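Participant: structure, please.
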Amino acid sequence: MELGVHFALSDSVAAELLDARGDDDKLGALVEDIEETGRSEFSCDTDKAWDPILCALSSTGYERVSENWPAYGVILGDEDLNTDTDDQLVTYLAPDRVAEVSSYLAEITESEFGVRYDAMPLDDRNPEYGSDERGYAWGWLQEVADFFQRAARERRHVVFTVRF
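Facilitator: Presented below is the predicted three-dimensional model:
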């Protein structure tokens, strides 16, 4: 499992990424540039917790199913910007959708997250599944919720990326 990160982007940087949509080489270079040069407005690491966060919040795991919005948006955004998602995941959310995810996250309690985590389908569970991973994921989710609140306030685009 690799480390994930959310980036809050200005309109101009988001436009560059959206223009590179579907060109994995160009997109990869842009994401690397954002990571290395600090072209994002701000960011939020999710360590390896992005996976249990996604699997606990979204009952359909890695699928974007409308009845699971905005839960899947926390990690999966609205769309994949890259075509080869076996190597890297680069997902995107527009500012209006960032606000929806932020509102959703503000309502999630530790108890509710725990219930969702415990109900995670067997196929979505990591070898680390259990109370330690649940607490670890909840802690990182608090950072993600704070990130989304700030991104929503500042009307930023959000990109999540992780390499496999």
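
Participant: what about the strands in the protein?
Facilitator: Under the criterion DSSP state E, strands of the chain are mapped to 4-9, 42-47, 79-80, 88-93, 157-163.

Participant: possible to save those strands as JSON lines with mean pLDDT and distance to C55?
Facilitator: Every residue, glycine included, has its C-beta placed from N, CA and C. Below are the strands of the chain laid out as JSON lines (pLDDT from 0 to 100; distance: least, C-beta to C-beta, whole Å):
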{"stretch": "strand 4-9", "mean pLDDT": "97", "distance to C55": "13"}
{"stretch": "strand 42-47", "mean pLDDT": "95", "distance to C55": "13"}
{"stretch": "strand 79-80", "mean pLDDT": "95", "distance to C55": "17"}
{"stretch": "strand 88-93", "mean pLDDT": "96", "distance to C55": "14"}
{"stretch": "strand 157-163", "mean pLDDT": "96", "distance to C55": "14"}
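
Participant: redo those strands as CSV? Include distance to K26 and mean neighbour count.
Facilitator: Rendered in CSV, the data for those read as follows (distance: least, C-beta to C-beta, whole Å; neighbours: other C-beta atoms under 10 Å):
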stretch, distance to K26, mean neighbour count
strand 4-9, 16, 24
strand 42-47, 21, 18
strand 79-80, 15, 15
strand 88-93, 11, 22
strand 157-163, 14, 22
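
Participant: any chance of TSV for those strands, columns distance to S59?
Facilitator: Converted to TSV, the strands of the chain look like this (distance: least, C-beta to C-beta, whole Å):
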stretch	distance to S59
strand 4-9	20
strand 42-47	20
strand 79-80	20
strand 88-93	18
strand 157-163	19
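
Participant: so for G22, which of these sits nearest?
Facilitator: strand 79-80 (9.5 Å; C-beta to C-beta).

Participant: okay, now the sheet partners of the closest one, with direction.
Facilitator: As defined by DSSP bridges, the strand partners of strand 79-80 come to strand 88-93 (antiparallel).
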